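> Based on what follows, work out the 3D shape:
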Amino acid sequence: MFRYSIEHVLLAILISLEQMIQDAEVQVHGFAIIVDWSQFSFRQAARLSPAQMRLVIEGLQDSFPARFGGIHFINQPWYIDAAFTILKPFLKEKTRERTDLINS
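Modelled structure (predicted):
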């Protein structure tokens, strides 16, 4: 059993992002997100539905009022690489250009 559901994790991320955009500097210059996948198991990944992934993508790239300078994935296992390959065509070009998968 997981300590937190994926819904709780996504909610925590959204609340954090909302707090960040309250800062005038962040509103002007934007920010980067670093996602460390080192503690994300295959079992957790298997629980992500296509609808949840679509909601996250659409929410961040189409609805969230923030300037993303970059989204950097680190320590991602092979199944995150595979999922990103599947999702990449659904990302806007600007989002694709600002997303990096950094293998450690």
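
> could you pull out the helices for this protein?
For the chain, applying DSSP state H gives helices covering 6-20, 24-29, 42-46, 50-58, 78-87, 93-97.

> Okay, buried residues for stretch 91-104 please.
Along stretch 91-104, these residues count as buried under the neighbour rule (16 or more other Cβ atoms under 10 Å): 91, 95, 98-99, 101. For glycine as for every other residue, the C-beta is placed from the backbone atoms N, C-alpha and C.

> Format those residues as CSV; extra columns: distance to residue 42 and pLDDT.
Formatted as CSV, these follow (distance: Cβ to Cβ, whole Å; pLDDT from 0 to 100):
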residue, distance to residue 42, pLDDT
91, 23, 91
95, 25, 90
98, 27, 92
99, 21, 92
101, 17, 93
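
> Can you list the low-confidence ranges for the protein?
Filtered on pLDDT under 70, the chain yields the residue ranges 1-2, 104.

> how about a cut-off of 80?
Applying pLDDT under 80 to the chain flags residues 1-7, 9, 104.

> Which residue is the nearest non-sequential neighbour of residue 53?
What sits nearest to residue 53 in space, not counting adjacent residues and going by Cβ to Cβ, 6 or more residues apart in numbering, is residue 87, at 6.2 Å.

> residues near that neighbour, how many?
Residue 87: 16 surrounding residues under other Cβ atoms under 10 Å.

> can I assume it is in contact with residue 57?
Yes. Counting by Cβ atoms under 8 Å, residue 57 is a contact partner of residue 87 at 6.7 Å.

> Just give me the neighbour total for residue 16.
Using other Cβ under 10 Å: residue 16 sits among 10 other residues.
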